[in-house]
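Asker: Just a sequence and a predicted model for now, questions to come.
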Amino acid sequence: MARIPTRPGTQGQPEIDRDAVLAFFEQRAEKIERLGPVRAVIYQDKHPDLAEHRDIAEKLAIAPLLALDGRQRVVDIGCGTGRWARTIAAECAHYHGCDASRGLVEHAQRAHEDLAHVRFSVALADQVSLSALDETIPFDRLLCSGVLIYLNDDELAAALAAFGSLMAPASRIVFREPMGMGERLTIQDHYSDDMDQVYNAIYRTQDELVEAMRAPLLERGFRIAGSGDVYADASLNNRAETRQRWLVLERDA
């Protein structure tokens, strides 16, 4: 187990095991029946109601940033159990959620069978494409909620390029991401007593993420339209080294 703080931009940053990350999420899928679809993907297994409070606060902060008026096509990267599906589907023309975990996607499909304009697919963030999603029309909105922390730097670069390839000329991307405060923090093979699982993640600083977005997104017409904290109530952040942040990128036609 290791918690490794490093300075952003340092060469040879520590990495996380991709197979361990994928196994972690399949284990979360196996816990849906016991934990429920929200706590299964927001964690905080042993903190009563914290995951549910975070879910409500996140949607209050993030939903307006999507700027939906019923006409948009939305792709939700890292959709998990479909936590965002009903909220977004009520305000858009087409919703497509994708996630690397087959178990989480299968739950999302079963839970949203009643929504005609909603689809779900199994897809890795760094390999997603219109063809992989069996779509032909680019998306107007992309929501990426808590996915980038599970990618190594080369996977992050590939994912951000893939996200750009999904988007229409005039489009908006909304990231909700746990970020490191001042320094990058890598969690390697950490056994979480709270989850009873081994956890791996990379908490990058906002400046580090913006730099990673430069070539695949910012130099391809997107600009940063805003950023901020997700939780107005500071008590919902129970980690001193990291904080939930949002970042919006926008591109005109």
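Answerer: Nice, I can see it.

Asker: switch to C-alpha atoms for all contacts and neighbour counts from now on
Answerer: Fine.

Asker: now the strands for this structure?
Answerer: Secondary structure of the chain by DSSP state E: the strands cover 2-6, 73-77, 94-99, 118-122, 139-145, 167-180, 184-192, 197-203, 223-229, 242-251.

Asker: CSV for those, including mean neighbour count and distance to residue 60?
Answerer: Formatted as CSV, the strands of the chain follow (neighbours: other C-alpha atoms under 10 Å; distance: least, C-alpha to C-alpha, whole Å):
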stretch, mean neighbour count, distance to residue 60
strand 2-6, 15, 31
strand 73-77, 25, 17
strand 94-99, 24, 19
strand 118-122, 21, 21
strand 139-145, 23, 14
strand 167-180, 22, 12
strand 184-192, 19, 28
strand 197-203, 21, 23
strand 223-229, 15, 12
strand 242-251, 21, 12
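
Asker: Residue 129: which of those strands is closest?
Answerer: Nearest to residue 129 among those is strand 167-180 (9.9 Å), distances taken as C-alpha to C-alpha.

Asker: Please give me every residue in contact with the closest residue to residue 61 other than its chain neighbours.
Answerer: In this structure, residue 61 finds its nearest non-sequential neighbour in residue 230, 6.0 Å apart by C-alpha to C-alpha, 6 or more residues apart in numbering. Contacts for residue 230 (C-alpha atoms under 8 Å, 6 or more residues apart in numbering) come out as 57-58, 61-62, 176, 244-246.

Asker: quick one: which of these is nearest residue 133?
Answerer: Proximity of the contacts of residue 230 to residue 133 (C-alpha to C-alpha) peaks at residue 176, which lies at 21.8 Å.

Asker: Test of understanding: give the bridge partners of the closest one.
Answerer: Assessed by DSSP bridges, residue 176 has beta-bridge partners residue 145, residue 246.

Asker: Test my guess that it contacts residue 149.
Answerer: No - Residue 176 is not in contact with residue 149 according to C-alpha atoms under 8 Å; the separation is 10.6 Å.

Asker: State the distance from the spatially most central residue of the chain to residue 203.
Answerer: Nearest to the mean C-alpha position of the chain, counting by C-alpha atoms, centre = their mean, stands residue 145 at 2.4 Å. Distance, residue 145 to residue 203, using C-alpha to C-alpha, to the nearest Å: 14 Å.
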